[in-house]
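Undergrad: model this:
(chains A and B)
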Amino acid sequence: MGNVKKSLKDIGSFMKLPGANMFMTKTEDLFNWANKSSLWPLSFGLACCAIEMMATFSSRYDLDRLGMITRASPRQADLMIVAGTVTVKMGERIKTLYDQMAGPKWVIAAGSCAISGDHYRHVYSVVPGVDWIIPVDVYVPGCPPTPEAFIDGILALQDIISKGKSAPTFNSVSCERKSIDEVKVKKKEILFDKELIDSNLIFEKCNEIKSLGYNYLNFITATDFDNSLVLTYMFSNNFENKKLEINVKLGPENRLDSISNIYPGAEWQEREVYDMFGVKFNNHPKLERILMPDDWIGHPLLKNYKMEQAKLPYRPSREDYESWKTKL
Amino acid sequence: MNLFIDFVTPIFLTISILILIVAYLVWLERKVAAKMQSRIGPYLVGKPHGLLQPLADALKLMLKDDSSPKNSDRLLFNFGPIWVMVVSLASFALLPFVFENQMIKTNLALMLFIAISSLIIVGIFIAGWSSNNKFALISVIRIIAQIISYEIPLIISLLIPCIIIGSLGFIEIINYQQTTWFIFYPVIGQIAFILFFISSLAEGNRIPFDLSEAESELVSGYTTEYSGIKFALFYLAEYVHLFGISVLGSIIFLGGPSGIFFTSNFLIVFKALLLFTIVLFVRWSFFRIRIDQLLKFNWNNLIPISFVLLLISCLLKYYMDLVI
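TA: Predicted structure coming up:
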């Protein structure tokens, strides 16, 4: 580090020989210096923390001062900055990328989500902290952490490397953030209609709606009342500035016609409803899971879905992980 | 023994000077990029302006784990970077840039230089094919289509000075330009230089023609599977090749060692660095173009212009010979 000046005695030792003096030092110090002076991070980001990370790389903060340039290929990267929420699906990819990186390699967990899952930690699809998957060297708190916090974290990592410590070691850095004034938004008046129809009539009803000039399907979603599911379709007419909401009450079979022939945008939204609520759509071109992994059991947004149902094939138990960490 | 030392010393000196220059070319590129994006660039490693940055990068790459993919062709995978490095260094044997004369004395130097430096593509193809990786393969397919098509205007733009001067040897070309540099030759000189500049950008895989390393599509192109020292060899070879083309440009178009106040071989390197800096300005201010636009631009514009220019310069030479 720059602020601590080292004397020659700290680095090595003098030897007095007849005729000449000899200075001896360790190559390890040189190698550690090389490793810490050109940390090349893998260029990827998971969520909003990645935006702050990009700001840290660009002008004003400029990580190139420390000799850091991003590499797209994991084979050439030394540092993995996990910036953002790690979902179960993304967790497998992060593990693969970490395994593909050539050692020596380091990991920074940036932001509350990557450290512990933060307020998503009890959600069915979120890994509560990236250290469940890969060993972490430095934790940078913040939601998201400011560029100053990022730089502080990288300096902490350089300190670890120059001392020659191996992962995982626990270090944290802190930074404060000021709030800004609220942004005022102008509101437009929109005409709004609501209808409740039977589940057999959805296809004919949608044909009619389309002919009325409703050119855009906003969303399809569902609500789980204890005895039945209610599907909500939202259409909008952009020429006359009108909106129409249609509620469909489903029978015990949870089955109705797909409207992806009429509104092509409905295709993946219906897949999402199927994934989360288990509603089956007739004549859908490809009714498969879209958000959850293909081998997932159950539909997470149903009220009778239990947290214990989630089985994560790759995930080690906390005890396994702790014991593995002490081995390193 | 003396003969051996006489033989080895110039090779050793050239390679070591070359690698030193090229290592600091990378530093120069990062500094220029930082300047253009209003950043500072490498600073804290070797304190005034990161002067030890290239050394730290090279040492770190040597220390990294050396991995080769499970399903790759091990032999060819390791052979690719060696081929690329050796070929790009070998082309410098013909350039008179460190010593008074080039190491291999021949009057066909330019033709040999082009022949040797175009062999680099073979090494790149070996690397991309043997990695057994789809990104590397697509990158190699693109790079071959690009280099084969852009080599035509490059060679023709280099032929135009040779036809007017009447020789393919560097010594004759340099002697001819002692009075006027070829870039100041009326009309033909300027057009030929622009053709040379554009097609050498494509030869060196620089933006706007860096399709082989399009990061948004192809991870990092043909070097995707390479780590550590093998990647360092590719990285160095790319810059050696680019520096070679810059030196060639400075010899053929910018008068080589002849200057306004004095004549020295130092000026060849200086002019080459000037050309390299212009390449950097282009790299950091342009976007990347699509593969079909790239090929269309070449076959529709550059090649017809270069053939017309070649014809004009042949006629001019014939007329001048008649007059004299």
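
Undergrad: where does the residue nearest to the spatial centre of chain A fall, helix, sheet strand or coil?
TA: Closest residue to the average C-alpha location of chain A: A:Thr85 at 3.3 Å, with C-alpha atoms, centre = their mean. Classification of A:Thr85 by DSSP: H, G, I helix; E, B strand; the rest coil places it in coil.

Undergrad: what residues are up against it?
TA: Shown in contact with A:Thr85 (C-beta atoms under 8 Å, 6 or more residues apart in numbering or on different chains): A:46-47, A:113-114, A:117-118, A:120, A:126. C-beta here means a position set from N, CA and C on the backbone, and glycine is covered the same way.

Undergrad: and these as JSON lines, adding secondary structure and distance to chain B?
TA: Shown next, in JSON lines, are the contacts of A:Thr85 (DSSP: H, G, I helix; E, B strand; the rest coil; distance: C-beta to the nearest C-beta, whole Å):
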{"residue": "A:Leu46", "secondary structure": "coil", "distance to chain B": "17"}
{"residue": "A:Ala47", "secondary structure": "coil", "distance to chain B": "19"}
{"residue": "A:Cys113", "secondary structure": "helix", "distance to chain B": "25"}
{"residue": "A:Ala114", "secondary structure": "helix", "distance to chain B": "23"}
{"residue": "A:Gly117", "secondary structure": "coil", "distance to chain B": "29"}
{"residue": "A:Asp118", "secondary structure": "helix", "distance to chain B": "30"}
{"residue": "A:Tyr120", "secondary structure": "helix", "distance to chain B": "29"}
{"residue": "A:Val126", "secondary structure": "strand", "distance to chain B": "27"}
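
Undergrad: List just the nearest of these to A:Lys26.
TA: A:Ala114 (34.5 Å; C-beta to C-beta).

Undergrad: Surely A:Ser13 is in a strand?
TA: Yes: under three-state DSSP, A:Ser13 sits within a strand.

Undergrad: from what I can see it touches A:Met22, true?
TA: No: here A:Ser13 lies out of contact with A:Met22, judged by C-beta atoms under 8 Å, at a distance of 9.1 Å.

Undergrad: sec struct for the nearest residue to B:Thr263 once chain neighbours are set aside, please.
TA: Nearest non-adjacent residue to B:Thr263, counting by C-beta to C-beta, 6 or more residues apart in numbering or on different chains: B:Pro257, 5.3 Å away. Classification of B:Pro257 by three-state DSSP places it in coil.

Undergrad: what about residue 301, neighbour count?
TA: Using chain A. When neighbours are defined as other C-beta atoms under 10 Å in any protein chain shown, A:Leu301 has 16 of them.

Undergrad: ah, no, chain B please
TA: Neighbours of B:Asn301 (other C-beta under 10 Å): 13.

Undergrad: Could you look up the SS state of it?
TA: What three-state DSSP gives for B:Asn301 is helix.

Undergrad: Surely B:Ile164 forms part of a helix?
TA: Yes: in this structure, B:Ile164 lies within a helix as judged by three-state DSSP.

Undergrad: show me what contacts it?
TA: B:182, B:185, B:188, B:313, B:316-317.

Undergrad: Of those, which belong to helices?
TA: The helices, defined by DSSP state H, take in B:188, B:313, B:316-317 from these.

Undergrad: From those residues, list just the buried residues.
TA: With burial judged by 16 or more other C-beta atoms under 10 Å in any protein chain shown, the buried subset of these is B:188, B:313.

Undergrad: is it possible to export the ones in helices among the contacts of B:Ile164 to TSV including distance to chain A and pLDDT?
TA: Shown next, in TSV, are the ones in helices among the contacts of B:Ile164 (distance: C-beta to the nearest C-beta, whole Å; pLDDT from 0 to 100):
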residue	distance to chain A	pLDDT
B:Ile188	41	87
B:Ser313	44	92
B:Leu316	48	90
B:Lys317	48	89
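
Undergrad: Around chain A, pick out the residues from the stretch 101-250 of chain B.
TA: B:215, B:219-220, B:223-228, B:231 (C-beta under 8 Å from any C-beta of the partner chain).

Undergrad: Alright, that wraps it up for me.
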